[in-house]
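Undergrad: Sharing a sequence plus its predicted fold:
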Amino acid sequence: MTTKIILADDHAIVRHGLSKLLQQDDDIEIIAQAKDGHMTLELVQELSPDIVIMDISMPELNGIEATRLIRRDHPNVRIIALSMHSGRKFVIEMLKAGASGYLLKDCAFEELDDAIRTVMDNKIYLSPSITDVVIENYVRGNAADGESAFSVLSQREREVLQLLAEGQTTKQIGRSLHISPKTVEAHRLRIMNKLGMDSVAKLTKYAIQEGLTLPEP
């Protein structure tokens, strides 16, 4: 049986390279590629893949949020995170969002191939390089994680924060999220109050630390 896969990464060269490698396997078909979280959601809705290979740091809607929304609306779709981030916060939040696998981008292609076959067997695949992170989190307990953007802010507030940190204006955010500028402002004030921050610069730094967006290159 052929495994249908969507590749989600904001770097075209990464998507194209993965596509060429994966399609060497006769039982894997790359049915689409997405450059951000919103496009990924649309393609999942349209094409019903078996697996999404998901980057975490993508513009407009990050991979953690996209994973959460896909798993909520399409529970049969499996997500494999393929990320440059090995930090505990990124790994744990991605798994909490519903990912079935987590690999680092410097892994060998054979490891990604193994991960695809593992999650298709309804099992979890964790790269050996980040397994200790998950074990430590389990031993320490979830209380040790502390507060994060994913526990403090609502989904909509996280979406607004990401777009704000990426430099979008109130009007642009409103158009992106199909809400009024006044509603965007209300969300921004609530975010600032919840986080105890009084400037967009501080919010941007926080969004980068939490993995909602990347710093400017």
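TA: Here it is on my side, so go on.

Undergrad: Give the closest residue to T2 in space, chain neighbours not counted.
TA: Leaving aside its chain neighbours, T2 sits nearest to E29 (5.1 Å; criterion: C-beta to C-beta, 6 or more residues apart in numbering). C-beta: built from backbone N, CA, C; applies to glycine.

Undergrad: That neighbour should be in a helix, yeah?
TA: No. Assignment of E29 by DSSP: H, G, I helix; E, B strand; the rest coil gives strand, placing it outside any helix.

Undergrad: quick one: it and I13, what's the gap?
TA: From E29 across to I13, the span is 21 Å (C-beta to C-beta, to the nearest Å).

Undergrad: give me the number of residues near R190?
TA: 15 (other C-beta atoms under 10 Å).

Undergrad: any idea which element it lies in?
TA: Using DSSP states H and E, R190 sits within helix 181-195.

Undergrad: CA atoms only: put that helix into CSV for me.
TA: What follows is helix 181-195, C-alpha atoms only, in CSV (Å, rounded to 0.1, in the frame of the first residue of the first chain):
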residue,chain,number,x,y,z
PRO,A,181,-8.3,45.4,13.7
LYS,A,182,-10.1,46.2,16.9
THR,A,183,-10.2,42.5,17.8
VAL,A,184,-6.5,42.3,17.0
GLU,A,185,-5.8,45.1,19.3
ALA,A,186,-7.8,43.5,22.1
HIS,A,187,-5.8,40.3,21.6
ARG,A,188,-2.5,42.2,21.7
LEU,A,189,-3.5,43.9,25.0
ARG,A,190,-4.5,40.6,26.5
ILE,A,191,-1.2,39.0,25.4
MET,A,192,0.7,41.8,27.0
ASN,A,193,-1.2,41.6,30.2
LYS,A,194,-0.9,37.8,30.5
LEU,A,195,2.9,37.9,29.8
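
Undergrad: Please consider this matter closed, and thank you.
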